[in-house]
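Undergrad: coordinates only, sequence not included:
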């Protein structure tokens with residue numbers, strides 16, 4: 001059931017009501033605090049759903065990628081931000097790689113230390129052979 005936000009123009013109380021779409025046009029709304037019928041509907045925030053690809057595109061400015069292969073800390077921050085934005089647990093190996101990059105460790109050394117990672121994670125910018 002949708003939630004509708006209101007504000008009483010008499011006592012300034014803000015409140016919300018749960019109503020069906022059919023009730024919205026029919027139900028008389030009164031203030032729960034003072035009983036006034038002088039009510040104003042408040043429009044809440046609007047959320048727009050985005051695909052994972054679109055969120056990543058919006059998050060990464062191509063100009064920020066310039067020279068990233070020479071800056072492990074920047075690469076680590078970018079990878080952390082992308083992982084957080086996707087909201088999925090990428091596993092302890094991902095966290096270890098990102099943490100080491102954020103400390104400024106050489107990506108090639110991380111790759112040598114963690115040979116079992118495979119190619120997926122190491123295909124990121126900055127993990128060049």
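TA: Okay, I see it. All values reported here derive from a predicted model rather than from experimental measurement.
Undergrad: can we go C-alpha only for contacts and neighbour counts from here?
TA: OK.
Undergrad: Check the burial of the closest residue to residue 15 other than its chain neighbours by counting its neighbours.
TA: Nearest-residue entry for residue 15: residue 6, 5.4 Å, with adjacent residues in sequence omitted and distances by CA to CA, 6 or more residues apart in numbering. Neighbours of residue 6 under the rule other CA atoms under 10 Å: 21.
Undergrad: host element of residue 6?
TA: strand 3-8 (DSSP states H and E).
Undergrad: what does that strand contact?
TA: With CA atoms under 8 Å, 6 or more residues apart in numbering as the contact definition, strand 3-8 has outside contacts at 13-19, 31, 36-44.
Undergrad: Neighbouring strands - and their directions - for that strand?
TA: Strand 3-8 has the following strand partners under DSSP bridges: strand 14-18 (antiparallel), strand 39-42 (antiparallel).
Undergrad: Nearest to residue 62, out of those?
TA: strand 39-42 (38.3 Å; CA to CA).
Undergrad: quick one: buried residues of that closest one?
TA: By neighbour count on 16 or more other CA atoms under 10 Å, the buried set for strand 39-42 is residue 39.
Undergrad: swap in stretch 25-45?
TA: 29, 31, 39.
Undergrad: Just send the residues you listed back as CSV, with distance to residue 74 and pLDDT too.
TA: Formatted as CSV, the buried residues of stretch 25-45 follow (distance: CA to CA, whole Å; pLDDT from 0 to 100):
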residue, distance to residue 74, pLDDT
29, 53, 93
31, 53, 95
39, 51, 93
